[in-house]
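**Student:** Pasting the sequence and the predicted coordinates here, then a few questions.
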Amino acid sequence: MPPTACPENHQRPINSLLCAAALLAACAPGSHEGEGRRLVPAPAQGPPRTFVYECNDGYSFIARIEGEKAWLFLPEQTSSLPQVPAGSGAKFSDGLLTFWNKGDKALFESGKVTHRDCMNNPSRAIWEDAKLRGADFRAVGNEPGWHLEIKAGEKVVFVGDYGQTRYEFATPEPLNDQTARKTTYQVQNAEHELTIVLEAMLCHDSMSGEPLETTVTAILDGRTYRGCGRPLH
């Protein structure tokens, strides 16, 4: 992601039928930096990671770590913080805001206010991660577990069998049926065909019970998958 661009600026409406809706550590690290100890930033690790932290005081924020930089999507603003030395975990600060995380736990300081005991909500983080990667729509289903993402004008990705299979297609123009409040994508590549039907009807995830505003049917090479989804922008 270009350092001059905030990921939130990449917004593409998916279609006219679906209303875009996306609501969008260690607890204060106990050890102090010992005198004489040489502290260096932790090396960049793997691909970007997205977290949705919920703190014990009711405060919630999104963090995306990209190497030696962290984007913070706060209720009041969006900020990019550079990594700074820390005795443990990963610490990011611009002198005004400080974000210190150890995986699923974090601490966030803003001025004189400190939000402690912040824990990542992985179910929310999955959706925010898809949004920040540029996906316009995401859907999930169970038995077997599957999910799909649609990025308008670029690609459709279908991941099936609990993550064991992955199929990628170029995104076509959708077929919209205003009367039925239905949108259909028909895609194919050299080996596979996929039809995705999005219906603007309330749907509950069959495992978590979470309500999502779109009922989704995906038919991959004649096999039907049913699930729920939502637009991300």
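**Tutor:** That came through, no problem. Residues are numbered from 1 along each chain as shown.
**Student:** Please make it C-alpha for all contacts and neighbour counts, starting now.
**Tutor:** Fine.
**Student:** Poorly predicted segments of this structure, please.
**Tutor:** 1-45 (pLDDT under 70).
**Student:** At which residues are the helices of it located?
**Tutor:** 122-132 (DSSP state H).
**Student:** Find the centremost residue of it, please.
**Tutor:** residue 129 (1.7 Å; Cα atoms, centre = their mean).
**Student:** dump the residue contacts of it.
**Tutor:** Contact analysis of residue 129 by Cα atoms under 8 Å, 6 or more residues apart in numbering lists 49-51.
**Student:** Enumerate every residue touching residue 213.
**Tutor:** 200-203, 228-230.
**Student:** Narrow those to just the buried residues.
**Tutor:** 200, 203, 228-230 (16 or more other Cα atoms under 10 Å).
**Student:** Turn the contacts of residue 129 into TSV, columns for distance to residue 213 and neighbour count.
**Tutor:** What follows is those, written out as TSV (distance: Cα to Cα, whole Å; neighbours: other Cα atoms under 10 Å):
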residue	distance to residue 213	neighbour count
49	26	16
50	23	25
51	23	25
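**Student:** buried sites along stretch 65-83?
**Tutor:** 65-73, 80-83.
**Student:** Go through the contacts of residue 129 and say which is closest to residue 175.
**Tutor:** residue 50 (32.4 Å; Cα to Cα).
**Student:** What is the neighbour count of the residue nearest to residue 145 when sequence neighbours are not counted?
**Tutor:** Closest residue in space to residue 145, ignoring its immediate chain neighbours: residue 162 at 4.6 Å, by Cα to Cα, 6 or more residues apart in numbering. A count of neighbours around residue 162, defined by other Cα atoms under 10 Å, yields 13.
**Student:** show me the contacts for the nearest residue to residue 174 once chain neighbours are set aside.
**Tutor:** Excluding the flanking residues, the one nearest residue 174 by Cα to Cα, 6+ apart is residue 185, at 5.1 Å. For residue 185, the contact set (Cα under 8 Å, 6+ apart) comprises 171-175, 195-197.
**Student:** These, buried ones only, as a PyMOL selection?
**Tutor:** Buried residues among the contacts of residue 185 (16+ other Cα under 10 Å), as a PyMOL selection:
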select buried, resi 171+172+174+195+196+197
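**Student:** which one among the contacts of residue 185 gets closest to residue 140?
**Tutor:** Nearest to residue 140 among the contacts of residue 185, counting by Cα to Cα, is residue 196 at 12.3 Å.
**Student:** Tell me how far that closest one lies from residue 207.
**Tutor:** 21 Å (Cα to Cα, to the nearest Å).
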